[in-house]
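A.B. asks: generate a structure from the sequence data that follows.
(one chain, ligands or ions: 1)
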Amino acid sequence: MDSSTAANTSFDVDSNATVLLMGLRRSGKSSICKVVFHNTLPLDTLYLESTTKPTTENFKSLIDLAVIELPGQLNLFEPSLYDYEKLFTSIGALVYVIDSQDEYLSALQNLAVIIKYAVSVNPKIHIEVLIHKIDGLSEDFRLDTQRDIMQRVGDDLLDYGLEGVQISFYLTSIFDHSIYEAFSRIVQKLIYELPALENLLDLLMQYSNFDKVFLFDINSKIYVATDSSPVDIQNYEVCAEFIDVSIDLDGLYECNNQSQQQQQQQQQQQQQQHFVSDTIIDDVNGSNSNNMMDDYDLNKPNKPTKCISRLENGTMLYLHQMIRGLALVAVSRLEDNNETTAISVIDHNVAIFKKSLEKMWENAKFK
Ligand SMILES: Nc1nc2c(ncn2[C@@H]2O[C@H](COP(=O)(O)OP(=O)(O)OP(=O)(O)O)[C@@H](O)[C@H]2O)c(=O)[nH]1
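C.D. replies: Modelled structure (predicted):
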């Protein structure tokens, strides 16, 4: 990949890179925030207290994302302290959470009223519906539920004369990767220049013999972009787990005086995740003391990490830390015999990709 092939475009993020999370009480809003953005274990959300007032969380990644959660008991049309018009005009996406394990007809009525209001004050708003807690439904029943909900929402909008409104539906659960996949797709809609990023990733894939490549936000495991081939959830899972393994190995590499017990634990964890022992971890700048999570503190110097591993089935995983707490993670079915040359080519291409990303970021209007 030569540097002139890398698109020379700047990317803007939506000035409204704010997601409004709504849904009835106990639908799962706080749990989603905790699991996706704070790495809370799903079971630790069981006894979360009810949210009583709007909360905002800010996440710095490729875009500076804000997630506002409105308590389930708030009624938009009761006189209140909150300026809903201002709120709805300033958001990029409305994410409405429906508890699929519960009786959902009242949630659907509530959703239709909210959509009607949202599009009247902000016609450009993205409307995203999470059919949530699907872990409690059988495979067949999940699809039936989705069909039923989509049909009813469509009918309700028709009654309001809003048949043209675009709504995306996702089947989600905090107990598997579906919630990350849904949030990845939602966040991507707020990045204006996503097509340019996808083009760059397509080029990188083509010149580097990758089968799939993701640009991940390291902390949340949301992917902010991927190449244009379809996402296979297994590829996503293996790449997301590889980030954790790389971080663990990075820590191991950093602390020479780490106790033997900790090292054993990390080795066990690595084996559990089916990674073979020929993982190479490398600091691209030549210094050994780095931690990928450092990139989150944007005031700290950027010390990128690279990690390569071969799975038992021969697949190669390649991770390279980028800017803004992001990591490029790729899957390749590269043969063993030409590995060294191929990795040099990949390193070269990835370095060009990273420069293009830096350039895009420098030129971004909204930071
Ligand atoms: N089975 C299952 N339970 C979930 C899932 N997500 C959340 N829950 C559970 O649902 C319950 C309510 O979750 P909360 O996150 O508190 O719901 P909320 O929408 O924030 O509720 P309010 O603050 O009252 O508006 C908790 O016991 C969670 O553990 C899921 O994907 N599957």
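A.B. asks: who in the chain is up against the ligand?
C.D. replies: 23, 25-31, 45-46, 48, 50-51, 71-72, 132-133, 135-136, 173-175 (C-beta under 6 Å from any ligand atom). (Each C-beta comes from the backbone N, C-alpha and C, glycine too.)
A.B. asks: looking at the residues you listed, which are in helices?
C.D. replies: 29-31 (DSSP state H).
A.B. asks: could the residues you listed go into TSV alongside neighbour count and pLDDT?
C.D. replies: Compiled in TSV, those are given as follows (neighbours: other C-beta atoms under 10 Å; pLDDT from 0 to 100):
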residue	neighbour count	pLDDT
29	26	94
30	20	94
31	21	95
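A.B. asks: residues of stretch 163-174 that come out buried?
C.D. replies: 165, 167, 169-174 (16 or more other C-beta atoms under 10 Å).
A.B. asks: can you give the distance of that stretch from its chain's centre?
C.D. replies: Centre-to-centre, stretch 163-174 and its host chain are 17 Å apart (C-alpha atoms, centre = their mean, to the nearest Å).
A.B. asks: let me see the mean pLDDT of that stretch.
C.D. replies: Model confidence over stretch 163-174 averages 93 on the pLDDT scale.
A.B. asks: need the strands for the stretch 51-200 of the chain, in chain order.
C.D. replies: 55-60, 64-69, 93-99, 126-132, 167-171 (DSSP state E, counting those that start in this stretch).
A.B. asks: now residue 71: closest residue in space, sequence neighbours ignored.
C.D. replies: Leaving aside its chain neighbours, residue 71 sits nearest to residue 51 (4.6 Å; criterion: C-beta to C-beta, 6 or more residues apart in numbering).
A.B. asks: er, residue 214 I mean
C.D. replies: Take residue 214 and drop its neighbours on the chain: the residue closest to it by C-beta to C-beta, 6+ apart is residue 223, 4.3 Å away.
A.B. asks: isn't that neighbour right up against residue 201?
C.D. replies: No. Distance between residue 223 and residue 201: 10.3 Å, which falls outside the contact criterion (C-beta atoms under 8 Å).
A.B. asks: can you check which residues contact both of these two?
C.D. replies: In terms of C-beta atoms under 8 Å, 6 or more residues apart in numbering, residue 223 and residue 201 are both contacted by the residues residue 215.
A.B. asks: contacts for stretch 94-104, please.
C.D. replies: If you take C-beta under 8 Å, 6+ apart as the criterion, stretch 94-104 is touched by 19-24, 26-29, 32, 88, 107-108, 111, 114-115, 118, 125-134, 136-137, 142, 145, 149, 171, 186.
A.B. asks: quick check: mean pLDDT across it?
C.D. replies: Throughout stretch 94-104, pLDDT has a mean value of 95.
A.B. asks: span of it from start to end?
C.D. replies: One end of stretch 94-104 to the other measures 18 Å (C-alpha to C-alpha, to the nearest Å).
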